[in-house]
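Enquirer: Let me see the structure of the following:
(one chain, ligands or ions: 1)
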Amino acid sequence: MHTNRFTRIGFILAAAGSAVGLGNIWKFPYITGENGGGVFVLIYLATVVFIGMSVFIGEVLLGSNAHKDAVSTFETLSPKKYKYWKYSGFTFLTGVLILSFYAVVVGWIFHYVVVAATALPSSVQEAENHFMNLLQKDIGTQIFYYTLAFFVIAYTISRGVKKGIETLNNILMPTLIVILAILLIYSVQLEGFSKALSFMFSPDFDKFDSSSLILAVGHAFFTLSLGMVTIVTYAASLDKGVNIVKASITIVIMDTLIAIVSGLIIFSILFSAGQEPGKGAGLVFITLPAVFFEMGSMGIFLAVAFFTALAFAAVTSAVSVLEPTVMYLVERKKMKRKKATYSVALIFYVVGLFALLSNTTEFSSFLTFGSKNVFDWFDFISAAILMPLGGILVAIFVGYIMDKEVSRKALVPHIGENLYQVWLFIMRFVAPLAIFLVMLNEMGVIQF
Ligand code: PFF
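Expert: Purely as a prediction, here's the structure:
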């Protein structure tokens, strides 16, 4: 066994750690709330199963075949005349760009673990004031927790795949699952639970529109960590002989279940307190803390558990976006892992500071360009342009450029010829087209 490679279960937990993040516990519930519940959940499930899972298997396939950094992976697997495809590997830069503002949010969450334990806001208004104050005025607190977040992430990566990433995920992921299970058991007993169930699972087809379809495709990519060679890179450190289809399906199921469970927990608590679902992005940072407060000491316990789960989910995702760049520097540029990690982390720490400061009243005017501040620009550039681009590149590479024998040999023994053809069809036609539409929609070129 290679000493710095994942075990099978280590890979499953690490890739699930990457997939399960803010996207599941924060974003999925609020976009479900904003999009009317049931129909959106249904569309989301369909896009995850058909498009998300196929591209996920494609990324695992690339990594586990080449066992190299992302650039070398594309280089090794492309036929001679397509050598320039190696540049697709540089989509790891999307990851570090995402890291720079994702870490800002990880910082907020760390802060909220402390708020949950010590001083929950006593009303929605107070909760809103607290959150706005943190973002717009309290630069010191934000930088403190942001720095802490970056340090935890960089330290983990500096220790390598086994000692760093695998150990972190082996501890945090099972703990996260236990916490969510406890929160779910609690939620089931709430009077709001049945309303949460029917809100999420009874589709009202009048609410179906193409914009939720596009949103679902985009979110399926984000939540499965696709389009920035994160999964390619993790799979490169996977030991040989693992059934990659089974591993991929397990990870996708874990990711989806955790999103659904998070939704059920949040909506049960919300409905029991008589709140509405469509509260937008402030759901977790504004509405929930106020609701927890009303529950007395039980609420403090639940709030600490909830924000700890969110912190664990976010850290394991943030770690995964740094690894592809570091692995590239270690393998191709022969840098020492520690040096590579801390140099990249320092650069993107500084980049992220601009995102952080762009939300503050003091600096926002210097750090707003056009209609968006730096934070929103980073979010927009990565989610609307770079991630979809990375997704399309993978789909086209696997579907058209790479020798079919590579994918056939890896997949047919597990799924058979017929399903393989279905998978190939999705990679060649459905996925690129769907992602392209997401890209146009997010860029505002077309509006669904
Ligand atoms: N999948 C993560 C989430 O749902 O929060 C976010 C993410 C992590 C996106 C890693 C992309 C990535 F490479």
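
Enquirer: Show me which positions of whichever strand or helix holds residue 92 end up buried.
Expert: For residue 92, the enclosing helix or strand under DSSP states H and E is helix 92-118. The neighbour-count check on helix 92-118 (16 or more other C-beta atoms under 10 Å) flags 92-113, 115-116 as buried. Glycine gets a C-beta too; all of them are placed from N, C-alpha and C.

Enquirer: And for stretch 170-187?
Expert: For stretch 170-187, by 16+ other C-beta under 10 Å, it's 170, 172, 173, 176, 177, 179, 180, 183, 186, 187.

Enquirer: related to what we said a few turns ago, and the next element down the chain from the helix holding residue 92?
Expert: Tracing the chain past helix 92-118, the next element assigned as helix or strand by DSSP H and E is helix 124-136.

Enquirer: centre of the chain versus that next one, how much separation?
Expert: Taking C-alpha atoms, centre = their mean, to the nearest Å, one finds the center of helix 124-136 at 25 Å from the center of the full chain.

Enquirer: just stretch 18-29 next, same as before
Expert: A distance of 6 Å separates the centroid of the chain from that of stretch 18-29, by C-alpha atoms, centre = their mean.

Enquirer: end-to-end on that stretch?
Expert: Length of stretch 18-29, first residue to last, C-alpha to C-alpha, to the nearest Å: 18 Å.

Enquirer: which residues touch it?
Expert: Applying C-beta atoms under 8 Å, 6 or more residues apart in numbering, the set of residues contacting stretch 18-29 from outside is 44, 102, 105, 173, 176, 219, 222-225, 230-231, 234, 251-252, 254-255, 258-259, 262-263, 266-267, 281, 283-284, 309-310, 313-314, 316-321.

Enquirer: In the helix or strand harbouring residue 438, which residues are buried?
Expert: Using DSSP H and E, residue 438 maps to helix 431-442. Within helix 431-442, the residues scored as buried using 16+ other C-beta under 10 Å are 431, 432, 434, 435, 437, 438, 439, 440, 441, 442.

Enquirer: Nearest spatial neighbour of the fifth one, chain-adjacent residues omitted?
Expert: So the one you mean is residue 437. Computed as C-beta to C-beta, 6 or more residues apart in numbering, the closest residue to residue 437 that is not its neighbour in sequence is residue 214, at 6.1 Å.

Enquirer: near the ligand at all, the longest helix belonging to the chain?
Expert: Secondary structure of the chain per DSSP state H: the longest helix is helix 296-332. Yes: interface with the ligand: helix 296-332 contributes 317, 320, 321 (C-beta under 6 Å from any ligand atom).

Enquirer: so which of those comes closest to residue 369?
Expert: Proximity of those to residue 369 (C-beta to C-beta) peaks at residue 321, which lies at 23.9 Å.

Enquirer: Find the nearest non-adjacent residue to residue 190, please.
Expert: In space, residue 190 is closest to residue 272, 4.4 Å off (C-beta to C-beta, 6+ apart).

Enquirer: since we're on that neighbour, how many residues are nearby?
Expert: Counted with other C-beta atoms under 10 Å, the neighbours of residue 272 add up to 19.

Enquirer: now it: how far from the ligand?
Expert: 26 Å (C-beta to the nearest ligand atom, to the nearest Å).

Enquirer: cool, residue 354 as well?
Expert: Residue 354 is 20 Å from the ligand, by C-beta to the nearest ligand atom.

Enquirer: Which pLDDT value belongs to that residue?
Expert: As predicted, residue 354 sits at a pLDDT of 98.

Enquirer: what do you get for residue 439?
Expert: 86.

Enquirer: I'd say it and residue 388 touch.
Expert: Yes: with contact defined as C-beta atoms under 8 Å, residue 439 reaches residue 388; the gap is 3.9 Å.

Enquirer: what's the nearest residue to residue 179 if we skip its chain neighbours?
Expert: residue 309 (4.3 Å).

Enquirer: can you count the residues close to that neighbour?
Expert: By other C-beta under 10 Å, the residues close to residue 309 number 26.

Enquirer: quick one: pLDDT of it?
Expert: In this model, residue 309 is scored at 96, pLDDT.

Enquirer: Identify the residues contacting it.
Expert: Residues in contact with residue 309 (C-beta under 8 Å, 6+ apart) are 25, 176, 179, 180, 183.

Enquirer: Quick check: it vs residue 109, distance?
Expert: Distance of residue 309 to residue 109, computed by C-beta to C-beta, to the nearest Å: 10 Å.

Enquirer: Check residue 423 too.
Expert: Relative to residue 109, residue 423 is positioned 36 Å away (C-beta to C-beta).

Enquirer: Then residue 379?
Expert: 16 Å.

Enquirer: and if you look at residue 380?
Expert: 22 Å.

Enquirer: Over to residue 218?
Expert: Taken as C-beta to C-beta, the span from residue 218 to residue 109 is 23 Å.

Enquirer: measure residue 95 to the ligand for me?
Expert: Distance of residue 95 to the ligand, computed by C-beta to the nearest ligand atom: 5 Å.

Enquirer: Close to the ligand: what parts of the chain are there?
Expert: Residues of the chain lying near the ligand (C-beta under 6 Å from any ligand atom): 18-19, 21-24, 95, 98, 222-223, 225, 228, 230, 317, 320-321.

Enquirer: what stretches of this structure score poorly on pLDDT?
Expert: For the chain, applying pLDDT under 70 flags the ranges 1-3, 448.

Enquirer: now the strands: where do they sit in it?
Expert: Under the criterion DSSP state E, strands of the chain are mapped to 368-369, 372-373.

Enquirer: Tell me the gap between the first one and the middle of its chain.
Expert: Spelled out, that is strand 368-369. 26 Å.

Enquirer: so what strands line up beside that strand?
Expert: Applying DSSP bridges to the sheet, strand 368-369 is found paired with strand 372-373 (antiparallel).
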